[in-house]
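Enquirer: Need a 3D model of the sequence below.
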Amino acid sequence: MASQRLTIVIKLGTSSIVDENTHEPILSNLTLIVETAAKLHRNGHNVVLVSSGAVGVGLRRMDVEDRPKYLPRIQALAAVGQCRLMSLWDGLFSHLRLPVAQILLTRNDIADRTQYINAQNTFAQLFDMGVIPIVNENDTLAVSEIKFGDNDTLSAITAAMVKADYLFLMTDVDCLYTANPRSNPDARPIEVVTDISSLEADVSSAGSSLGTGGMSTKIVAAKLGTSAGVTTIITKSSKPGNVHEIVEYLQQTQQKAAVGPETGDNDHLSHLQTLPPLHTRFIPSETPIQSRSFWLLHGLKPRGTIYIDHGAYSALQKKAGLLPAGVVGVEGHFGQQEAVRLVVVEKVSPDSLNGDFLHHGQEPKEVGRALVNYGSSEIIRIKGHRSTQIQSLLGYADSEYVALRENISFIRNDESPRH
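Expert: Presented below is the predicted three-dimensional model:
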């Protein structure tokens with residue numbers, strides 16, 4: 001049985017690329033990463049690297065000892081480091097005659113639906129051309145408003161964008177443990193996670209002094225990845241070869257399951273099947289969120305909040321759009337076609353002051369995100385009214401809906417947006 005062509009995203013933290021003390025590139029590790037990516041590529045798979053390290057390389061280039069706290073200085077070091085980092089990757093991959101491409105992203109780059117689709121198409125073309133894309137956040141331009149926050153989150157969004165089969169989050173431990181294995185001899189490895197919401201693991205790892213992530217950000221990334229149907233794996237960054245071995249093991253397992261025990265065809269597979277390196281594997285959702293819904297939830301930064309009653313929430317779940325009658329309040333300032341949070345609250349009188357509903361009934365609960373047809377000032381004027389009254393209240397009526405159902409995405413119990 002021929003092996004399936006897979007799309008594999010490998011996220012590498014700064015500590016995998018740059019020595020924490022000297023800021024020198026860890027050439028031995030980088031070489032192993034390149035060899036692993038090349039091996040996967042030769043086996044017919046698409047490979048994407050999400051590479052941190054620009055600031056760390058910039059520190060070395062400019063002979064700066066400690067990561068500065070002043071944002072423009074950090075961004076300047078990222079600008080210096082990014083070109084040298086890509087030169088390093090390009091040089092290593094060129095030894096194996098593999099072309100690479102640089103893709104720098106901020107959240108603004110994927111906030112527009114057309115740009116998001118353009119990015120997907122660019123990845124697809126690079127795969128067709130046999131190129132390995134190397135993705136990083138555009139630290140030179142990004143500010144807190146448009147940052148992904150860390151490259152774990154960026155890697156999960158990238159994995160969803162390219163419809164990856166596997167997302168590997170490389171870290172300084174083999175896998176998740178029930179407790180800190182360095183201090184607790186009774187700590188047990190967690191090899192498979194089927195329900196992230198019930199996960200009980202030690203996530204105290206805070207990341208390196210050069211990086212921004214830790215184990216908790218990898219759990220968030222795993223939630224994002226698995227919600228989009230991506231098998232997400234945590235394994236040791238100092239052993240990049242683990243990636244190839246784990247992929248081989250999982251492929252063999254799937255092939256063995258496919259041929260079935262009654263055919264006898266699995267005899268030739270049994271001798272190949274050996275236990276893989278230690279890792280934690282997060283099983284993807286059986287009903288993965290669709291690309292557009294994922295983009296609505298995780299690609300856009302909400303500009304405000306719309307509070308809706310339970311009747312409106314029930315109607316939305318039955319595929320109806322959001323009517324002004326179901327809106328009980330608005331928070332923030334936003335325009336047409338901007339993203340907002342949807343929060344369910346107890347309904348109060350339409351004559352109540354905007355915001356008073358927050359003090360009534362049960363605790364408000366965010367249930368999803370929406371792209372709105374009207375700005376905040378317009379929605380404040382039409383909330384609680386029938387759609388037939390929009391024309392008289394505003395002087396125009398672009399739509400009978402505050403938000404179309406196709407522009408609304410609900411948050412699942414096992415996931416929550418990062419912003």
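
Enquirer: burial measure for the nearest residue in space to G229 that is not next to it in sequence, as a count.
Expert: Once flanking residues are discounted, G229 sits nearest to P288: 3.0 Å by CB to CB, 6 or more residues apart in numbering. (Glycine included, C-beta is placed from N, CA and C.) Residues lying near P288 (other CB atoms under 10 Å) number 17.

Enquirer: these two touch, right, P288 and A228?
Expert: Yes - with contact defined as CB atoms under 8 Å, P288 reaches A228; the gap is 5.5 Å.

Enquirer: Give the buried residues for stretch 31-45.
Expert: By 16 or more other CB atoms under 10 Å, the buried positions in stretch 31-45 come out as L32, I33, V34, E35, T36, A37, A38, K39, L40, H41, H45.

Enquirer: again with stretch 319-327
Expert: For stretch 319-327, a neighbour-count test (16+ other CB under 10 Å) marks G321, L322, L323, P324, A325, G326, V327 as buried.

Enquirer: tell me how far the ends of it are from each other?
Expert: One end of stretch 319-327 to the other measures 17 Å (CA to CA, to the nearest Å).

Enquirer: now what about it, what contacts it?
Expert: Contacts with stretch 319-327, where a contact means CB atoms under 8 Å, 6 or more residues apart in numbering, come from 306-309, 311-313, 315-316, 342, 370, 379, 382-387, 390, 400-405, 408.

Enquirer: Where helices are concerned, which of those count?
Expert: G311, A312, Y313, A315, L316, I379, I382, I390 (DSSP state H).

Enquirer: among the residues you listed, which ones are buried?
Expert: Buried members of the ones in helices among the contacts of stretch 319-327, counted by 16+ other CB under 10 Å: A312, Y313, A315, L316, I379, I382, I390.

Enquirer: For those, which two are the farthest from each other?
Expert: Using CB to CB, these span at most 21.0 Å, a distance reached by Y313 and I390.

Enquirer: can you list the domains in this protein?
Expert: 7-262+270-290, 302-410 (the TED database).

Enquirer: Please name whichever of those is nearest to L296.
Expert: Of all the domains of the chain, domain 302-410 sits nearest to L296, with 4.0 Å by CB to CB.

Enquirer: Where does the prediction get shaky in the stretch 51-200 of the chain?
Expert: 139-149, 200 (pLDDT under 70).

Enquirer: change it to 80
Expert: Within the stretch 51-200 of the chain, the segments meeting pLDDT under 80 span 106-111, 138-150, 180-182, 197-200.

Enquirer: Show me where it has its helices.
Expert: Ranges of helices in the stretch 51-200 of the chain, per DSSP state H, counting those that start in this stretch, are 54-61, 71-94, 107-111, 113-128, 151-161.

Enquirer: Could you identify which of those is most buried?
Expert: For these, average neighbour numbers computed from mean count of other CB atoms under 10 Å are highest in helix 151-161, which has a mean of 27.

Enquirer: Could you export that one as PDB, CA atoms only?
Expert: This file holds the C-alpha atoms of helix 151-161, laid out as PDB (Å, rounded to 0.1, in the frame of the first residue of the first chain):
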ATOM      1  CA  ASN A 151       5.000  31.100  17.400                       C
ATOM      2  CA  ASP A 152       3.100  28.100  18.900                       C
ATOM      3  CA  THR A 153      -0.200  30.000  18.100                       C
ATOM      4  CA  LEU A 154       1.200  31.000  14.700                       C
ATOM      5  CA  SER A 155       2.100  27.400  13.900                       C
ATOM      6  CA  ALA A 156      -1.400  26.200  14.800                       C
ATOM      7  CA  ILE A 157      -3.000  28.800  12.600                       C
ATOM      8  CA  THR A 158      -0.500  27.900   9.800                       C
ATOM      9  CA  ALA A 159      -1.300  24.200  10.200                       C
ATOM     10  CA  ALA A 160      -5.000  25.000   9.900                       C
ATOM     11  CA  MET A 161      -4.400  27.300   6.900                       C
END
